[in-house]
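S.K.: Sequence first, then the predicted structure, then my questions.
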Amino acid sequence: MPRNVKPLTDTQLRSAKPRAKEYSLADGRGLYFRVKPNGARTWVFNYYKPHTKIRTNLGLGVYPDVSLKAARDTRQKHLSLLADNVDPATYLKNRNNEAVQASSNTLQKVMEAWLATRAEITPRYARDIKSSLMTHVMPVLGDVAVGEITPVMAIDAIKPLATQGKLETVSRICARLVRIMTFAKNTGLIAENRLYGIKDAFQSASHSNLPTIAPQELAKFMNKLAYASITLTTRCLIEWQLHTMVRPSEAAGTRWKEINLEEAFWVIPAPRMKAKRVHTVPLSNHCLFLLSVMKPISGHLDYVFPADRKPKHCTSSQTANMAIKRMGYKGKLVAHGMRALASTTLNEEGFRPDIIEMALAHGDPDKVRDSYNNAKFLLQRREIMEWWSTHIEASRSTKLKVA
């Protein structure tokens, strides 16, 4: 039978003096108060390891930093572990390793890991995401473990942006933080994503339509374009985007290998499209003319509209915007607004809305159905594109200057 031990008291602990040799006072059930010759007083838990039955000691801390009550509470936790055949020393080691691992999973490191797994994100977009987070969030939260980040911490980090009225940026930052924390949850780094809903702490950004011109202003725009002090490549780029109804980045990045001159098609690969779906553009006669103008300039290069200083690269997606602004359309029209101009004109002319949406690459979220519909209505889309080009050309009094 185990020997009965009289529990220790705080008075005994305070009055325990060092001796020439180390000695221990027993509190019972494996808990000992150890006094060393140098005056150090520590707690020790003595037990048999569950599987090897080897007797061992486990330090519980220094007295009085660890009180008698705290030492007894820890003893009880260890006895509970032993009842389940769990070695307290092994349990503590594993828990400490988990804590170290958790503390190393900082927000910045998890952001890097998340971006590395996003195959659907283009390198350019990934750089934009990283830049925004490094600028506005990481200086405050970058070194904080993801498991320790609370909604209040995230909101406080973003508040300066909201104070400056940059609500669009606030919205993007919130969305990106939520996605990173969802990645952390899905990879087992945290138990739950506590940042859901942080965007509700801020005022919503008011969305305004991109500047565009009315259909009756097209003629004036085309005449200004004809006499604008811009390069031939930029002039052709603006017309190409206007006639094809694509987005600025899609137009600027046009590659010769994407063009089928014989069948008069331009096939934009999925990675270059906003919706990540292949988009086929039937080319009107004027589009083919624009390509013939650009052929002597860039036919030997990869891109139809090369950059002036770096011809192996495409021109910037902002080239058309800057030219349009210099033409006197600042605040009145942007390159992307030419799509709205096309949509308004075609709808007013009575063309089928669903065909117009396909021409604008506003397709069906169902990729299979979307591809089927695009192929099925290709003839109608070609008619729309030809009508639109004819309408544009009829509106101008001065033809494209090619020299």
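M.R.: Perfect, thanks for sending it.

S.K.: close enough to count as contact, Ile121 and Ile129?
M.R.: Yes. Using CB atoms under 8 Å, Ile121 is in contact with Ile129, at 7.3 Å. For every residue, glycine as well, the C-beta is placed using N, CA and C.

S.K.: ok, Leu378 - contacts?
M.R.: Contact analysis of Leu378 by CB atoms under 8 Å, 6 or more residues apart in numbering lists 280, 282.

S.K.: Could you check how far it is from Ile355?
M.R.: 10 Å (CB to CB, to the nearest Å).

S.K.: Common neighbours of Ile121 and Ile129, please.
M.R.: Leu115.

S.K.: the more surrounded of the two?
M.R.: More crowded of Ile121 and Ile129, by other CB atoms under 10 Å: Ile129, with 21 against 14.

S.K.: Next one: that one from Asp308, what distance?
M.R.: On the measure of CB to CB, Ile129 and Asp308 end up 29 Å apart.

S.K.: And Gly147, by the same measure?
M.R.: In terms of CB to CB, Gly147 sits 50 Å off from Asp308.

S.K.: Next: Ala26.
M.R.: To Asp308, Ala26 is 87 Å away according to CB to CB.

S.K.: now swap in Ala71 and tell me
M.R.: For Ala71 relative to Asp308 (CB to CB), the value is 77 Å.

S.K.: between these two, who's got more neighbours?
M.R.: Set Ala71 next to Asp308 and count neighbours by other CB under 10 Å: Ala71 wins out with 23 against 10.

S.K.: Would you mind confirming that that one makes contact with Leu58?
M.R.: No. Look at Ala71 against Leu58 with CB under 8 Å: they stay out of range, at 11.5 Å.

S.K.: now the strands: where do they sit in the protein?
M.R.: Assigned by DSSP state E, the chain shows strands spanning 23-28, 31-35, 41-48, 55-62, 259-260, 265-268, 279-282.

S.K.: Compare those strands and report which one is nearest to Gly328.
M.R.: For the strands of the chain, the distance to Gly328 is smallest for strand 279-282, at 29.1 Å, taking CB to CB.

S.K.: Can you list the low-confidence ranges for the stretch 151-300 of the chain?
M.R.: 205-209 (pLDDT under 70).

S.K.: Recalculate using a threshold of 80.
M.R.: 204-210 (pLDDT under 80).

S.K.: gap between the closest residue to Pro7 other than its chain neighbours and Ala16?
M.R.: Once flanking residues are discounted, Pro7 sits nearest to Asp27: 5.6 Å by CB to CB, 6 or more residues apart in numbering. To Ala16, Asp27 is 12 Å away according to CB to CB.

S.K.: so what sits against both of the two?
M.R.: Phe33.

S.K.: out of those two, which sits in the busier spot?
M.R.: Asp27 (21 against 18).

S.K.: My read is that that one contacts Arg72, right?
M.R.: Yes. Between Asp27 and Arg72 there is a contact at 7.1 Å, judged by CB under 8 Å.

S.K.: contacting residues for the residue nearest to Ala191 when sequence neighbours are not counted?
M.R.: Leaving aside its sequence neighbours, Ala191 sits nearest to Lys185 (CB to CB, 6+ apart; 7.3 Å). By CB under 8 Å, 6+ apart, Lys185 lies in contact with 191-193.

S.K.: Now which of those residues would you call buried?
M.R.: Buried subset of the contacts of Lys185 (neighbour count, 16 or more other CB atoms under 10 Å): Asn193.

S.K.: Rebuild the contacts of Lys185 as a markdown table, extending it with distance to Pro282.
M.R.: Converted to a markdown table, those look like this (distance: CB to CB, whole Å):
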| residue | distance to Pro282 |
| --- | --- |
| Ala191 | 53 |
| Glu192 | 50 |
| Asn193 | 45 |
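
S.K.: Could I get the full set of helices for the stretch 251-400 of the chain?
M.R.: 285-298, 319-324, 337-348, 353-359, 367-376, 378-395 (DSSP state H, counting those that start in this stretch).

S.K.: lowest-confidence stretch among those helices?
M.R.: Sorting the helices of the stretch 251-400 of the chain by mean pLDDT places helix 367-376 lowest, at a mean of 50.

S.K.: How many residues are close by the residue nearest to Lys224 when sequence neighbours are not counted?
M.R.: For Lys224, ignoring the flanking residues on the chain, the nearest one in space by CB to CB, 6+ apart is Met327 at 5.2 Å. For Met327, the neighbour count with other CB under 10 Å is 18.

S.K.: Need the CA coordinates for stretch 176-195. PDB is fine.
M.R.: In PDB, the C-alpha atoms belonging to stretch 176-195 read as follows (Å, rounded to 0.1, in the frame of the first residue of the first chain):
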ATOM      1  CA  ARG A 176      -7.800  38.900 -49.500                       C
ATOM      2  CA  LEU A 177      -7.300  38.500 -45.800                       C
ATOM      3  CA  VAL A 178     -10.400  36.200 -45.600                       C
ATOM      4  CA  ARG A 179      -9.100  34.100 -48.400                       C
ATOM      5  CA  ILE A 180      -5.700  33.700 -46.700                       C
ATOM      6  CA  MET A 181      -7.300  32.700 -43.500                       C
ATOM      7  CA  THR A 182      -9.500  30.200 -45.300                       C
ATOM      8  CA  PHE A 183      -6.400  28.700 -46.800                       C
ATOM      9  CA  ALA A 184      -4.900  28.500 -43.300                       C
ATOM     10  CA  LYS A 185      -8.000  26.700 -42.000                       C
ATOM     11  CA  ASN A 186      -8.100  24.300 -44.900                       C
ATOM     12  CA  THR A 187      -4.400  23.400 -44.400                       C
ATOM     13  CA  GLY A 188      -4.900  22.800 -40.700                       C
ATOM     14  CA  LEU A 189      -3.000  25.800 -39.400                       C
ATOM     15  CA  ILE A 190      -6.100  27.300 -37.600                       C
ATOM     16  CA  ALA A 191      -9.300  25.800 -36.400                       C
ATOM     17  CA  GLU A 192     -11.600  28.500 -37.700                       C
ATOM     18  CA  ASN A 193     -11.500  31.600 -39.900                       C
ATOM     19  CA  ARG A 194     -12.300  34.400 -37.500                       C
ATOM     20  CA  LEU A 195     -12.000  37.200 -40.100                       C
END
